[in-house]
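*Asks:* Sequence and predicted structure, then a few things I'm wondering about:
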Amino acid sequence: MKDCGKSYHGKHLRAALAYITVPEKTQQGRLVAGINCVPEFAFEQMKDTKRKYGKLDKRQGYHLVLSFKENEVTPDTAMELTSRFVKEYLGSEYEAVYAVHDNTRHIHAHIVFNSVSFLTGKKYRYEKGDWAREIQPITNRLCQEYGLSTIEIEDDKLNQDVEYRETRKEQAIQHVWNSAIRRDLDACIILSATYEEFQRELTERGYECKEGKYLAIRPPGMKRFRRTQRLGEDYTIERIQERIETETLRSVARAGQGHAPRIVGGSVRRHRRPKLTGLQKRYFARLYRIGKLKKRPYSQVWRYWEDIRKMKKLQNQYLFLAREDITTVPELQNAVQALTARQKEAAREKSRLGKQKHRFQELFELAAKMEELEAAFHSYERGDSFFTEEHQEYEACQKALAEKGYTYEEICAVRERITREYAEATSRERQLYRELKTGKGLLKEMETEDKTQRQTKGEIDGTERREEQEAQRQGDRGVSAENEKITL
């Protein structure tokens, strides 16, 4: 349930609570209950929680519906099952109201809960795939206990994490594609004297070109055409034509240098290139005619994007170990714990600044309004009566700031400070999050490797024991046979 603006932040939340507790649908309120709040005063309590933690805006709450098969469950059983679900899923942190509606053929339960935890002040966060990973398994288990029908979790829901990873994978591939295509385009621009030559250079590198309102190209190995203008301002048709006329290999090299090159010294031993014999010429001519000799694309990086990603990951892990001076697993565990504490501290600092920013928000808006009106205010001061209304509005904002004990300059200074510190805190938290992610990834890999080694060692030990036992049994059988011979 989203925010409805400053005038009534919790409008949707209040409407949802009123809807699910309608007496006509809940046996005059008998099928209504709450957890961590009183249903009759739930909205006020939820609002107090939001006000306590300074989170009155944005997402207000969530609404879940549990529906049962027709004529399969009684209202009281549905109420009992819903109560168990709410306690298990939300009981320790969130204020929730739940009710069973029995006015339709399909008995169903509604659950409305606050978006802010009364215990920690953190907002509930629904991640993609949480329904299949957490919510549906709980309802299925409870329904099985009561002998009710369950819902088979569809493959697409179970695979939402896989889909997310695939999306990230496609984004990584896209990044590699863009980088390789830009390099090809830059090379063709430098080597071409005209736009037609530029297109020929692209074709010789294996690109397909389509031109209409935009230039679209497709390199070898790519499924769809890509508009060049989406690669940046330097790759529109007009800009490419300009670059062809102005850019050369020498100018690009000169632009990339901070100072003019200087020859320090050196000698080069030159060797005359041997000429091809007549037979060699015929041989290479034949290879060219049958298509064996072709210009290769300028870049083949897109083929190795997975290796590049792994290389970057290994590089980040190595730099992490070097920065933290980690040489053993216990040192890695200690580093992860320390980073976790630092990341939490950074998150608290960011939250503190966010609350401070929210507390001053009204004053910041007044200052922003004064910035908009400043030019009109000064025009009025110089005698332009056309801006009378703007002048009055400016003075009203100035008066409102004065009533709060601030001047326009002071509020601007406070806004600049809070904005700067909030940006620094956000950057610090993100950096610590990346460091922590790298450390946890390393720790998980080491634990997995250690577990695999133990399993392998156990399998080897078991095989050796079985071989020893088999050899012993063979020896025992041999001794028995000898004893029989001696007896005979």
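*Replies:* Received, thanks. Residues are numbered from 1 along each chain as shown.
*Asks:* List the contacts of Lys123.
*Replies:* By Cβ atoms under 8 Å, 6 or more residues apart in numbering, the residues touching Lys123 are Lys55, Lys58, Arg59, Ser115, Val116, Ser117. Any C-beta I mention is one placed from the backbone N, CA and C, and that applies to glycine too.
*Asks:* repeat that for 10 Å
*Replies:* If a contact means Cβ atoms under 10 Å, 6 or more residues apart in numbering, then Lys123 has Lys50, Tyr53, Lys55, Lys58, Arg59, Asn114, Ser115, Val116, Ser117 as its contacts.
*Asks:* Kindly report the same for Lys50.
*Replies:* 9-10, 13, 56-58, 60-61, 114-116, 118, 121, 123.
*Asks:* just the strands in the stretch 51-200 of the chain please.
*Replies:* In the stretch 51-200 of the chain, the strands defined using DSSP state E, counting those that start in this stretch lie at 61-67, 96-101, 108-114.
*Asks:* What subset of the contacts of Lys123 is buried?
*Replies:* When burial is judged by neighbour count using 16 or more other Cβ atoms under 10 Å, the buried members of the contacts of Lys123 are Lys50, Tyr53, Lys55, Arg59, Asn114, Ser115, Val116, Ser117.
*Asks:* how deep is the closest residue to the last one other than its chain neighbours tucked in, by neighbour count?
*Replies:* Counting by Cβ to Cβ, 6 or more residues apart in numbering, the nearest residue to Ser117 once its immediate chain neighbours are dropped is Glu93, at 4.3 Å. By other Cβ atoms under 10 Å, 17 other residues sit near Glu93.
*Asks:* Kindly report the same for Ile308.
*Replies:* 15.
*Asks:* mind checking the SS state of it?
*Replies:* Under DSSP: H, G, I helix; E, B strand; the rest coil, Ile308 falls in the helix class.
*Asks:* isn't the residue nearest to Ser117 right up against Lys87?
*Replies:* No - judged on Cβ atoms under 10 Å, Glu93 makes no contact with Lys87 at a distance of 11.5 Å.
*Asks:* Need the residues touching each of the two.
*Replies:* Shared contacts of Glu93 and Lys87, counting by Cβ under 10 Å, 6+ apart, come down to Asn36.
*Asks:* need the longest helix for the protein.
*Replies:* Counting residues, the longest helix found in the chain (DSSP state H) is helix 408-487.
*Asks:* now that one: how far from the chain's centre is it?
*Replies:* Using Cα atoms, centre = their mean, to the nearest Å, the distance from the centre of helix 408-487 to the centre of the chain it belongs to is 26 Å.
*Asks:* Equivalent analysis for stretch 4-21, please.
*Replies:* For stretch 4-21, the distance to the chain centre is 30 Å (Cα atoms, centre = their mean).
*Asks:* And it, what's buried?
*Replies:* Cys4, His9, Gly10, His12, Leu13, Arg14, Ala16, Leu17, Ile20, Thr21.
*Asks:* wait, which of these is closest to Glu409?
*Replies:* Comparing the buried residues of stretch 4-21 against Glu409 with Cβ to Cβ places His9 closest, at 31.4 Å.
*Asks:* So that closest one sits against Asp3, correct?
*Replies:* Yes - using Cβ under 10 Å, His9 is in contact with Asp3, at 5.4 Å.
*Asks:* Find the residues that touch each one of the two.
*Replies:* Common neighbours of His9 and Asp3 are listed as Leu56, Asp57, Lys58, Gln60 (criterion: Cβ under 10 Å, 6+ apart).
*Asks:* Pull out the buried residues from the residues you listed.
*Replies:* Among the shared contacts of His9 and Asp3, the ones that count as buried by 16+ other Cβ under 10 Å are Leu56, Gln60.
*Asks:* Which parts of the stretch 201-350 of the chain are strands?
*Replies:* 208-211, 215-218, 226-227.
*Asks:* What is the first one packed up against?
*Replies:* So that's strand 208-211. For strand 208-211, the elements it packs on are helix 195-204, strand 215-218, judged by 3 or more Cβ pairs under 10 Å, 6 or more residues apart in numbering; DSSP states H and E.
*Asks:* closest to Arg182 out of the ones you listed?
*Replies:* Closest among the helices and strands packed on strand 208-211, once you apply Cβ to Cβ, is strand 215-218, at 11.3 Å.
*Asks:* average pLDDT across the closest one?
*Replies:* What strand 215-218 shows for mean pLDDT is 89.
*Asks:* Can you name every helix or strand that it contacts?
*Replies:* If you count contacts as 3+ Cβ pairs under 10 Å, 6+ apart, strand 215-218 packs onto helix 160-191, helix 195-204, strand 208-211, strand 226-227.
*Asks:* how about 8 Å then?
*Replies:* Using 3 or more Cβ pairs under 8 Å, 6 or more residues apart in numbering; DSSP states H and E, the elements in contact with strand 215-218 are strand 208-211, strand 226-227.
*Asks:* what's next to the shortest one, contact-wise?
*Replies:* Around strand 226-227, the neighbours that count as contacts under Cβ under 8 Å, 6+ apart are Trp177, Ile181, Tyr214, Leu215, Ala216, Ile217, Arg218.
*Asks:* And Gly278, how far from Arg289?
*Replies:* Separation of Gly278 from Arg289 (Cβ to Cβ, to the nearest Å) stands at 17 Å.
*Asks:* leaving aside the residues next to it on the chain, what's closest to Val38?
*Replies:* Val38's closest residue in space is Gln45 (Cβ to Cβ, 6+ apart), at 7.0 Å.
*Asks:* didn't the residue nearest to Ser117 look like it was pressed against Phe118?
*Replies:* Yes - using Cβ atoms under 8 Å, Glu93 is in contact with Phe118, at 7.2 Å.
*Asks:* overlap in contacts of these two?
*Replies:* Common neighbours of Glu93 and Phe118 are not found (criterion: Cβ under 8 Å, 6+ apart).
*Asks:* Now do the contacts for Arg342.
*Replies:* Counting by Cβ under 8 Å, 6+ apart, Arg342 touches Leu432.
*Asks:* Return the member of the contacts of strand 226-227 nearest to Glu127.
*Replies:* Trp177 (28.4 Å).
*Asks:* wait, isn't the closest one in contact with Met222?
*Replies:* Yes - taking Cβ under 8 Å as the definition, Trp177 is a contact partner of Met222 at 6.4 Å.
*Asks:* Neighbour count: the two, which is higher?
*Replies:* Here Trp177 and Met222 are compared on neighbour count by other Cβ under 10 Å; more neighbours surround Trp177, at 19 against 16.
*Asks:* What score does the more buried one have for pLDDT?
*Replies:* pLDDT at Trp177 comes out at 74.
*Asks:* ok, now Tyr235?
*Replies:* 90.
*Asks:* check contacts around it.
*Replies:* Tyr235 makes contact with Arg182, Leu185, Thr228, Gln229, according to Cβ under 8 Å, 6+ apart.
*Asks:* One more pass at 10 Å, please.
*Replies:* Each residue near Tyr235 by Cβ under 10 Å, 6+ apart is listed here: Ile181, Arg182, Leu185, Asp186, Ile189, Leu215, Ile217, Arg226, Arg227, Thr228, Gln229, Arg243.
*Asks:* That'll do, ta.
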